[in-house]
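> Turn this into a model:
(chains A, B and C)
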Amino acid sequence: MFIGLANTWVAILLMMIGLYIVIAQGNLIKKIIGLTLFQTSVFIFYISMAKVEGGTAPIFSSDISIYSNPLPHALILTAIVVGISTTALALSLIVRIKEAYGTIEEEEIQGLDEEQD
Amino acid sequence: MISDMNESLILQLAIVLPLLTSALIIATGKNPNVREGVTIVSALVLIYFVFNLYSAFSNDPNQVISALWWELIPGLTISFKVEALGVLFALIASFLWLVTTSYAIGYMRGHGEKNQTRFYCCFAVAIAAVMGIAFSANLFTLFIFYEVLTLSTYPLVTHAGTEKAKKSGRVYLGILLTTSILFLLSAIVSTWVVAGSVEFTAGGVFSPDVDKTIAGVLLVLFVFGVGKAAIMPFHRWLPAAMVAPTPVSALLHAVAVVKAGVFTILKVCVFIFGIDLLPSLATTDFLLYLAAATVLLSSIVAMRQDNLKLRLAYSTVSQLGYVTIGALLASESAAIGSALHIAAHAFGKITLFFCAGAILVSLHKSNISEMRGIGRQMPITMAAFFIASLSIIGVPPAVGTWSKWFLLMGSIETEHYIIMSVLMISSLLNIAYLIPIPFHAFFPNGFTNKGEAEDSAISDVQSNSQIKEAPLPSLIAIVITATGCIALFIYPQPLYELATAMLETRAVNYAE
Amino acid sequence: MVSQLPVLQVILPLMAAPLCLLLKRSTLVWLFCLIVSFLSLLISILLVQQVSTSGPIDYAFGGWDVPWGIGYRIDQLNVLLLIVITAMSSVVLIAAKESIAREIDPEKHVYFYILYLLSLSGMLGIVATGDAFNIFVFLEITSLSVYALIAMGRHRRALWASYQYLIMGTIGATFILIGIGMMYQMTGTLNITDLSVRLAELPQKRTILTAFVFIIVGVCLKLALFPLHLWLPNAYTYAPSIVSAFLAATATKVAIYLLIRFTYSVFGPSLSFAAIPLQTLFMALGLVGIFVASVTAIYQTNVKKLFAYSSIAHIGYMILGFSTGTVAGLTATLLHVFNHALMKSALFLALAAVMLRIGSVQLSSMQGLGRQMPWTMAAIVLAGLSLIGVPLTVGFVSKWYLLVAIIEQGNWVVAGLILMGSLLAVIYVWRIVEVAYFKEPATAQKGDVLEGAAGGSTEAPLSFLIPIWLLVGANIYFGIDTRFSTQLAQSAAQSLFGVSP
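Model (predicted):
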């Protein structure tokens, strides 16, 4: 069972690491790294899911009879694009936050906000 | 009588007219004379409308005058129907609106109040809401106008705009909205789910085999939900509302709003539960004793109030208890007594409030302890006060006699002797807190001439000053309502007929 | 043309977004957006008609039939959402020009409109599509543009709010993605109709349950269901006023749609409600949400934040209706989706007007506003009454349906608690009324005011008053004439239960 679901376990491990970083780290950049890791684990999950034993790349040719399922690959291409846009947006937000607050530490930002109240 | 005019149209006009009036009042707000003229004219027209409905109804009580406005949700309509109790209520409210307007003109000008346009406007909206309540054909319509009444009277309560007024406004709104949303609305929805209808139906909407526990709980919800009936412990809003200008206290918080409350309870008892179902519910007795406790306790509290308006307010709480008792006793005499008491107390209490306002405007006094000897300066006002007091107490020659008579009969018929004795004791308490006021006004030193030196000194000063009655429009209003108290004692037939007609509708339908 | 309506609905704003770049001038772009938005509204009205006369519409994207291509499916449930989204977007946009002129730098105006159209298109896409993965894509299109829109707020806290929302939103979306992946793994399809058939046939339920839980949690994050609501108050508060109005009216509604779609259409009520105690859980969360959020709202000093918390409370009401698992309850939920959009858009738009005139939405700065901005304040009061659920407003209609649904199940306690919740609404609405009508304007404010207008009254311009009063009028109109809204909600609920109307 463990070996058979190895891909799932890897995905879960990565996911947990990623989520942990998002929650535990106070540095905004590190949070984003965690978030990306978290997203990537899902990508891996999708891609490994498409693997067919003994299958090759899905190329339309008479030589190939067994090939991996191309649909998850296509899906995850989209998801990767989404992931990259999210990261890009997050990073640019962090730049602006740095400009506005002068820090990218969560606690300091919240401290500055509370001071203002 | 305009026989060719459709009664259904008149019914709708009676509700719409005050609303139109409020719009007109805003439009003519710049010119006080026109503004008040508009109010008086539309009050006259409203009386005409309601009287038309009354005569149409009394000519042929079996005729159905109704109007359907809108079906909100299938089966849930905004609709109106003329019915004896509603006619009674509408007659009182429209007539007293006219009188109060006359009074208010004198009072508001004499007292130099601000924001008078807002005052008259909200007043008209409140009257529209009262008409809606009086003629509503189902609980849902009633609920809507009930809330409109609450909201439209809020600006009147906070009229002064002071911190105290705002605080009282919060109590007012808090209690009335809380009870109506929390209890009344859930009672209505539950009735809808249990009985499948919220129409006011002769004999009640519940089938005879309804679960008695649920019906009992619903009754409690209804009685508590109608915060306007001021059953303890939900009576606090009424004394709080006394910060309002006196005309508001007089018409709305002695007549329109509180009567809308007890009217609702009476309607619910007779037309939702039905007089036959009511005695079989376990909670009826509990509520009866609660109402009786309200009657006694608030009478006692009233005795301890020095502020005249507050004393009158607690007296109102106590008198409202009578009506609730009458509704819950579930006998014919008691129900008639309740209906009569709505009218009797209306005339009596509005006169008392008018007098309180007149004293405030002319002599700038609001505490009873300062009112010794004012009978010399305001003889007409204090005479009216005396007559109205008699009516509240329930002794001839004032109209209160009749309603108390029927209520007592009802309590004896249903063998609720405790209730009977409560009614008696309360009458004594009424004497104790009302009669001293006119008595001391006319006889500042009591019957003997011994009197304390200081007192006589004060009264000497006062007796020297000449007569200083309230402004004429106000004085006219006082005289009219005080006369009403006596006239209705001598000539109570129309009231009595309407009150019995309420029950006859039931009897007729029951036979079918 | 008519047969292409489902795709036009989504693609029109999507295509229009980049075109904005060509127009450059702020006013032109605004006009263009307005036209696009109203065209979308027109399309959704046509779709409503089509669905109500001839039933659900299936549309194959690009001519690829459904198992191969992406299928759009417009049924009774989507049209309700489509019309809410397009109508709110159009009405809110009317006021956008003046509002963003004050709140956003001129060089960013074009980007604002582009993002606005993208988020609109994304929401419409989520609702219209019949493909599970497509939902994720549109979800991210919406979210990304909304993050950017929020970050446009003037206050630096907008950046922080946007960042927090980004983190929570991405986690939520990724959860949904995981769920969709698992479903695909088990069934080999992404089409919602096929999914529902194949999921029901599967003998092994464990993976499906895992997928279900992932999706529910992801959706609830987007939904801001208590206790996953932490991102919402700041996001609504510090976003540009127009964005707040648009989001408050639509964003959480789309998430409610997803919740209903996944539980009823994809997994089916038998699995959704039988496998885990979802109903009890949601009922509890809904109730707790109502109370915690309403009480928190009472203590807010920023009016926008106050209404943001009230939104969370109202999500609680929607969830309560959902948790009954009956046609009546679901009708109440959908009705409240429609009605709550009307209330909140009116309120936030009125706050945008306040922001425009006095530059702040702090409660203290609204002192005496009843005199200065009589129409705007009257709108806030009326919409507030609707929020409380006073009869003859839409709030009452949805409350009535919810109460009937709850009492029919014999849940008297819950019914009582719902009513108590609406009392809390009385308190927070009344705080605003008291400040606006019974307090004299602060002297510092008075100076500003006199600068603003000659007559002493600084009423908002017509471009605000018209949309605000349109919405307030709708609050009252649909509170009296309930046929349109209840019919939409009822037929949607019935179609989900497979009951023929």
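
> Output the least confident helix or strand in chain A by mean pLDDT as CSV, restricted to C-alpha atoms.
Lowest by mean pLDDT, DSSP states H and E among the helices and strands of chain A is helix A:106-116, with a mean of 85. What follows is helix A:106-116, C-alpha atoms only, in CSV (Å, rounded to 0.1, in the frame of the first residue of the first chain):
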residue,chain,number,x,y,z
GLU,A,106,4.3,40.0,9.5
GLU,A,107,4.5,40.9,13.2
GLU,A,108,6.1,44.2,12.5
ILE,A,109,3.4,45.1,9.9
GLN,A,110,0.7,44.2,12.3
GLY,A,111,2.4,46.2,15.0
LEU,A,112,2.6,49.2,12.8
ASP,A,113,-1.1,48.9,12.0
GLU,A,114,-2.1,48.6,15.6
GLU,A,115,0.0,51.7,16.5
GLN,A,116,-2.1,53.6,14.0
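
> Please see if that helix touches chain C.
Yes - judged by Cβ under 8 Å from any Cβ of the partner chain, helix A:106-116 comes into contact with chain C through A:109, A:113. Backbone N, C-alpha and C define where each C-beta goes, glycine included.

> Report all helices and strands that that helix contacts.
In terms of contacts (3 or more Cβ pairs under 8 Å, 6 or more residues apart in numbering or on different chains; DSSP states H and E), helix A:106-116 is packed against helix A:70-101, helix C:157-187.

> And for the longest strand seen in chain B, what's in contact with it?
Using DSSP state E to define each element, chain B has its longest strand at strand B:66-73. Outside strand B:66-73, the residues within contact range by Cβ atoms under 8 Å, 6 or more residues apart in numbering or on different chains are B:8, B:11-12, B:77-82, B:137, B:140, C:397, C:400-401, C:480-482, C:486.

> Just the ones of these in strands?
Those of these lying in strands (DSSP E): B:77, B:78, B:79, B:80, B:81.

> In CSV, list these along with neighbour count, distance to residue C:232 and pLDDT.
Formatted as CSV, these follow (neighbours: other Cβ atoms under 10 Å in any protein chain shown; distance: Cβ to Cβ, whole Å; pLDDT from 0 to 100):
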residue, neighbour count, distance to residue C:232, pLDDT
B:77, 18, 39, 84
B:78, 21, 37, 85
B:79, 18, 42, 86
B:80, 26, 44, 87
B:81, 19, 47, 85
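
> List the single closest residue to whichever residue of the stretch 301-450 of chain B sits closest to chain C in space, sequence neighbours excluded.
Of the residues in the stretch 301-450 of chain B, the one nearest chain C is residue B:309, at a distance of 22.1 Å by Cβ to the nearest Cβ. With Cβ to Cβ, 6 or more residues apart in numbering or on different chains as the criterion, residue B:309 has its nearest non-adjacent residue at 4.5 Å, and that residue is residue B:242.

> again with residue B:36
residue B:105 (5.2 Å).

> can you pull the contacts of whatever residue of the stretch 201-350 of chain C ends up closest to chain A?
Among the residues of the stretch 201-350 of chain C, residue C:301 lies nearest to chain A; the distance is 9.0 Å by Cβ to the nearest Cβ. Counting by Cβ under 8 Å, 6+ apart, residue C:301 makes contact with C:362, C:363, C:364.

> before we move on, the earlier item: for the contacts of strand B:66-73, I'd like a selection string for PyMOL - just the buried members, please.
Buried subset of those, written as a PyMOL selection, criterion 16 or more other Cβ atoms under 10 Å in any protein chain shown:
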select buried, (chain B and resi 8+11+12+77+78+79+80+81+82+137+140) or (chain C and resi 397+400+401+480+482+486)
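
> tell me the pLDDT at the closest residue to residue B:203 other than its chain neighbours?
If the residues on either side of it in the chain are set aside, residue B:203 comes closest to residue B:274, at 4.7 Å by Cβ to Cβ, 6+ apart. pLDDT recorded at residue B:274 is 81.

> Likewise for residue C:501?
Listed pLDDT for residue C:501 reads 45.

> do the same with residue C:364
So, for residue C:364, pLDDT stands at 84.

> So it is in contact with residue C:436, correct?
No - the pair residue C:364 / residue C:436 is not scored as a contact, 11.3 Å apart, by Cβ atoms under 8 Å.

> Mind picking out the helix or strand in chain C with the poorest mean pLDDT?
That would be, for chain C by mean pLDDT, DSSP H and E, helix C:443-452 at a mean of 45.

> Go through the least confident helix or strand of chain A and flag the buried ones.
A:106, A:109, A:112.

> Stretch A:28-35 now?
Using 16+ other Cβ under 10 Å as the burial criterion, the residues of stretch A:28-35 that qualify are A:28, A:31, A:32, A:34, A:35.

> Am I right that the second one sits in a helix?
Yes - if the criterion is DSSP: H, G, I helix; E, B strand; the rest coil, then residue A:31 is within a helix.

> Residue numbers of the stretch 351-500 of chain C in contact with chain B?
C:385, C:389-392, C:397, C:400-401, C:403-404, C:407-408, C:412, C:415-416, C:419-420, C:422-423, C:426, C:430, C:434, C:438, C:480-482, C:486.

> mind listing what the residue nearest to the spatial centre of chain A touches?
Of all residues in chain A, the one closest to the mean position by Cα atoms, centre = their mean is residue A:39, 1.9 Å from it. Shown in contact with residue A:39 (Cβ under 8 Å, 6+ apart): A:18, A:79, A:83, A:86, C:170, C:174.

> what's the helix or strand for it?
Of the helices and strands defined by DSSP states H and E, residue A:39 is found in helix A:28-49.

> quick one: average pLDDT of that helix?
91.

> Now chain C against chain A: closest residue?
At 3.8 Å from chain A, residue C:156 is the closest residue in chain C, using Cβ to the nearest Cβ.
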